[in-house]
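> Okay, structure incoming, though there's no sequence with it:
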């Protein structure tokens, strides 16, 4: 595997931090708006079920 440049490492670190924060925000939203969370999960499941490669 090739060594990543400092710019790439920094970008990957910031991306990982962003994804963690986004997941944390989604979990909080799911707790305060369970009905919307359920609707979102159902929509995501339907999207996955109807996706064709």
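Noted; the coordinates are in hand. These numbers come from a predicted model, not from an experiment.
> helix, strand or coil for the nearest residue to residue 12 once chain neighbours are set aside?
Using CB to CB, 6 or more residues apart in numbering and skipping the chain neighbours, the partner closest in space to residue 12 is residue 4 (7.2 Å). C-beta here means a position set from N, CA and C on the backbone, and glycine is covered the same way. Counting by DSSP: H, G, I helix; E, B strand; the rest coil, the backbone at residue 4 sits in coil.
> Please look at residue 4 and residue 11 and confirm they touch.
No. If you go by CB atoms under 8 Å, residue 4 and residue 11 don't touch, sitting 9.1 Å apart.
> Roughly how far does the residue nearest to residue 12 sit from residue 13?
Computed with CB to CB, to the nearest Å, the distance linking residue 4 and residue 13 is 10 Å.
> follow-up on the earlier one: so for the residue nearest to residue 12, what's the pLDDT?
We have a pLDDT of 84 for residue 4.
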